[in-house]
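A.B. asks: from the sequence below, what's the structure:
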Amino acid sequence: MEHLRPVAAGDPTEGSPVAPDLVDLLRSAGRGDQQAFAQLYDATSSRVVGLAVRVVRDPAQAEEVAQEAFLEIWRTASRYDPDRGSPLSWLLTITHRKAVDRVRSAEAATRRDQNYHHQNQPVAHDATAEAAHASLEAHRVRTALGSLTPVQREALELAYFGGYTHTEVATMLELPVGTAKTRIRDGLIRLRDTMGVGS
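C.D. replies: Predicted coordinates for the structure are as follows:
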């Protein structure tokens, strides 16, 4: 079958009294007569495209729907039964079904895209929850620091909050470096135990 040519909106055959010949054209097309099918196409394409445009609302999509409809008409022309309706009604029924399928397919694709974006959106950052968590952690640390001996707390505060090295802490507290390290280590152990870290 030759490629179907596009239809101009103002096709001169629209409204022409060609309906009586459509049965013969369909029968001939059903027997593989490409010339008969071309005549059928010329006689009905403007109506087919017009219906497709009304359903899908997009001229480019309507052209594709019309092409799909005519391909099915070519393949199934031999099944047309004049006792069940006019040729034009049969053609337009096929076209309408194809157009509705196209609309449903587009809607399903849109829903899939929306669902995908909805399911893959990052969870909004909850600053309030984070602030509350930080506040609880700060309270735990303050409570744990309160459980230290004064010398342990002093050494830890200098080392971790003040940013001083063990040697600097020892110098500031006028202690041997080993003693400063011991106070810091013991303080950390007590902090860990009090806060339940690693338990």
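
A.B. asks: and Tyr164, what element?
C.D. replies: Using DSSP states H and E, Tyr164 sits within no helix or strand.

A.B. asks: I figured it hits Leu158, correct?
C.D. replies: Yes - at 5.0 Å, Tyr164 and Leu158 qualify as touching, with contact defined as C-beta atoms under 8 Å. Placement of C-beta: from N, CA and C, glycine included.

A.B. asks: intersection of neighbour lists for these two?
C.D. replies: Met172 (C-beta atoms under 8 Å, 6 or more residues apart in numbering).

A.B. asks: ok, the two, which is more surrounded?
C.D. replies: The neighbour count for Tyr164 versus Leu158, taken as other C-beta atoms under 10 Å, is higher for Leu158 (21 against 17).

A.B. asks: which ones are touching Ile73?
C.D. replies: Per C-beta under 8 Å, 6+ apart, neighbours of Ile73: 29, 40, 91, 94.

A.B. asks: for Thr76, same thing?
C.D. replies: Ile94 are the contacts of Thr76 under C-beta under 8 Å, 6+ apart.

A.B. asks: relative to Met172, how far out is it?
C.D. replies: Remark: distance between Thr76 and Met172 (C-beta to C-beta, to the nearest Å) = 96 Å.

A.B. asks: could you say what helices and strands the strand or helix carrying Thr95 packs with?
C.D. replies: Using DSSP H and E, Thr95 maps to helix 87-119. Counting contacts by 3 or more C-beta pairs under 8 Å, 6 or more residues apart in numbering; DSSP states H and E, helix 87-119 is packed against helix 19-30, helix 34-56, helix 59-76.

A.B. asks: could I have the CA atoms of the first one written out in CSV?
C.D. replies: If I follow you right, that is helix 19-30. Provided in CSV are the C-alpha atoms of helix 19-30 (Å, rounded to 0.1, in the frame of the first residue of the first chain):
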residue,chain,number,x,y,z
ALA,A,19,-21.5,7.8,-0.1
PRO,A,20,-23.2,5.4,-2.6
ASP,A,21,-19.8,4.4,-4.0
LEU,A,22,-18.1,3.7,-0.7
VAL,A,23,-19.5,0.2,-0.4
ASP,A,24,-17.9,-0.8,-3.7
LEU,A,25,-14.7,1.0,-2.8
LEU,A,26,-14.5,-0.9,0.5
ARG,A,27,-15.2,-4.2,-1.2
SER,A,28,-12.5,-3.6,-3.8
ALA,A,29,-10.0,-2.4,-1.1
GLY,A,30,-10.8,-5.6,0.9
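
A.B. asks: off-centre distance for it?
C.D. replies: 46 Å (C-alpha atoms, centre = their mean, to the nearest Å).

A.B. asks: could you check the angle helix 59-76 makes with that helix?
C.D. replies: 70 degrees (axes from the mean of the first three to the mean of the last three C-alpha atoms, to 10 degrees).

A.B. asks: elements contacting helix 19-30?
C.D. replies: Judged by 3+ C-beta pairs under 8 Å, 6+ apart, helix 19-30 is in contact with helix 34-56, helix 87-119.
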